[in-house]
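**Student:** Provided below for reference: sequence and predicted model.
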Amino acid sequence: MVYQSYNFGSKFKEMRRSKGISIEKVAKDITSKSHLSNWKNGKATLDITVFVKLLSRINIQPAEFFKIMRFMNYTHILMTLLKCMLI
């Protein structure tokens with residue numbers, strides 16, 4: 001499952017910057033800086049496992065991110081999916 005639309009990338013950038021974390025630090029050992037930049041600009045997709053790792057790097061829980069994005073109705077479904085992927 002990949003996430004590209006809904007401005008996830010730009011919202012992630014906003015959250016990352018608000019915490020004073022560089023793109024290099026966030027991407028290190030998870031994905032390339034250029035791929036993260038392309039995702040932010042809507043030019044690339046991002047696997048959900050990578051997305052969750054990136055959120056963790058900026059100390060944001062997936063449920064919190066989706067709540068901010070007003071995806072409250074989908075949070076439960078996404079959290080169940082994540083749990084299944086981690087088993």
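**Tutor:** Arrived safely, thanks for sending.
**Student:** Test for you: state the pLDDT assigned to the residue nearest the centre of the chain.
**Tutor:** Computing the C-alpha centroid of the chain and ranking residues by CA atoms, centre = their mean puts Phe51 first, at 3.7 Å. pLDDT recorded at Phe51 is 91.
**Student:** That one sits in which helix or strand?
**Tutor:** helix 48-57 (DSSP states H and E).
**Student:** Helix or strand next in line after that helix, which one?
**Tutor:** helix 62-68.
**Student:** residue ranges with poor pLDDT in the protein?
**Tutor:** Across the chain, the ranges flagged by pLDDT under 70 are 1-6, 71-77, 79-81, 83-87.
**Student:** ok, now with 50
**Tutor:** Scanning the chain for pLDDT under 50 picks out the ranges 1-5.
**Student:** just so I have it, where are all the helices in it?
**Tutor:** Here the chain has its helices, by DSSP state H, at 8-18, 23-27, 33-40, 48-57, 62-68, 72-86.
**Student:** The helix holding Phe51 - contacts with which helices or strands?
**Tutor:** strand 2-3, helix 8-18, helix 23-27, helix 62-68, helix 72-86 (3 or more CB pairs under 8 Å, 6 or more residues apart in numbering; DSSP states H and E). C-beta: built from backbone N, CA, C; applies to glycine.
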